[in-house]
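Student: Kindly return the folded structure for what I paste below:
(chains A and B)
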Amino acid sequence: MKIRRKQRTHIDLADSGALSDLAFLLIIFFIVIAVFNINKGFLVELPGKDSTRIVKNDDLLKVILTRDNLLEYSGEVISKTEMENKIGDMRRQHPNMTFALIINPDAEYQGVVEIVEMVRKNGIENFSFTMARDDQ
Amino acid sequence: MKIERRKTKPILPINSMSDIAFLLLIFIMLISLINYRKEVKIEYPEAEGSEVTHGDKNLEIWVDISGKIFIDGSAVDLVSAEVVIAEAVAENPSVRIHLIADRHTSYRNLDGIMEILKILQHRVVSLVIKEIKHE
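Tutor: Here you go, the predicted model:
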């Protein structure tokens, strides 16, 4: 006996599966485009121009970033690990400590970013930075 | 007598696929133009523990290694930069300003921008970095 195959008289494009592939590719494309231009970094709050805030001397950790991207504290060059230890000690004694960074004009931006990273990592809320002027 | 009808073979209409592909190509080209970001050749600073700083409305200020400032792909001086920033802030006070600077540029090249932002009382600035991941 001859078995007859059921033959479709009409083939719809939507049924073929090609459109779903296309839609899938389109979704991937949108996801890639959306992710591509997103900036990542650190949000830094700037003070107003000429705004001042009184900070107790004991709460202040004043650090200089030298032109060679080294950290200077109390006239001595210290490593980043030492700086982190210093921050840890100071935070225990003075929870409201302020980290004041004075940046040499010739210091590289990477050095500044590394200090911002260190400040964030150590949970310091009061962070101030300024470029060293001639009198500093 | 039973007359057999002539049966046609099913054909997938692939002609229309080329039309769809063509439309898709035009669509992708248009989207690429919309999302076109005028980048300046810089080496990004690297750090860990960054956050997504992209806002709803963004203004990117690029500073290359020599200290040249670029906004929207055009080189500007500090005075022009101030005008552009002031206009952007006036238009949308919550505009997110991104500072995208070369890692080797001197800080003196960025200080002018910082001072402008302080004058304009624009409190928050995003320092854009490239995230490094240690395994």
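
Student: okay, CA-based contacts and neighbour counts for the rest of this
Tutor: Fine.

Student: what's the residue closest to the geometric middle of the chain?
Tutor: As the question left the chain open, I've gone with chain A. Centroid check for chain A by CA atoms, centre = their mean gives residue A:41 as the closest residue, at 2.8 Å.

Student: that's the other chain; I wanted chain B
Tutor: Among the residues of chain B, residue B:37 comes closest to the average C-alpha position under CA atoms, centre = their mean, at 4.2 Å.

Student: Roughly how far does it sit from residue A:98?
Tutor: Separation of residue B:37 from residue A:98 (CA to CA, to the nearest Å) stands at 38 Å.

Student: Then residue B:81?
Tutor: 31 Å.

Student: which one of the two has more residues nearby?
Tutor: residue A:98 (23 against 19; other CA atoms under 10 Å in any protein chain shown).

Student: in the sheet, who's paired with the more buried one?
Tutor: When bridges are called by DSSP bridges, residue A:98 pairs up with residue A:60, residue A:126.

Student: The residue nearest to the centre of chain A sits in which helix or strand?
Tutor: Here residue A:41, judged by DSSP states H and E, is contained in strand A:40-45.

Student: So what touches that strand?
Tutor: Applying CA atoms under 8 Å, 6 or more residues apart in numbering or on different chains, the external contacts of strand A:40-45 come out as A:116-117, B:50-54, B:123-131.

Student: List only those of those flagged as buried.
Tutor: A:116-117, B:50, B:53-54, B:123-129, B:131 (16 or more other CA atoms under 10 Å in any protein chain shown).

Student: nearest to residue B:86, of those residues?
Tutor: Of all these, residue B:86 sits closest to residue B:123, with 13.1 Å by CA to CA.

Student: number of nearby residues for the residue lying closest to that closest one once chain neighbours are set aside?
Tutor: Distances taken as CA to CA, 6 or more residues apart in numbering or on different chains put residue A:46 closest to residue B:123, at 4.8 Å, once the chain neighbours are dropped. For residue A:46, the count of nearby residues is 18 (other CA under 10 Å).

Student: Please export the C-alpha coordinates of the longest helix along chain A as CSV.
Tutor: In chain A, taking DSSP state H as the definition, the longest helix is helix A:18-36. C-alpha atoms of helix A:18-36 as CSV (Å, rounded to 0.1, in the frame of the first residue of the first chain):
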residue,chain,number,x,y,z
ALA,A,18,13.8,32.2,10.4
LEU,A,19,12.1,35.2,11.9
SER,A,20,12.7,33.9,15.5
ASP,A,21,16.4,33.6,14.6
LEU,A,22,16.3,37.2,13.3
ALA,A,23,14.6,38.5,16.4
PHE,A,24,17.1,36.7,18.6
LEU,A,25,20.0,38.3,16.8
LEU,A,26,18.3,41.7,17.1
ILE,A,27,18.0,41.3,20.9
ILE,A,28,21.7,40.4,21.2
PHE,A,29,22.6,43.4,19.1
PHE,A,30,20.5,45.7,21.3
ILE,A,31,22.1,44.3,24.5
VAL,A,32,25.6,44.8,23.1
ILE,A,33,24.9,48.3,22.0
ALA,A,34,23.3,49.2,25.3
VAL,A,35,26.3,47.9,27.3
PHE,A,36,29.0,49.3,25.0
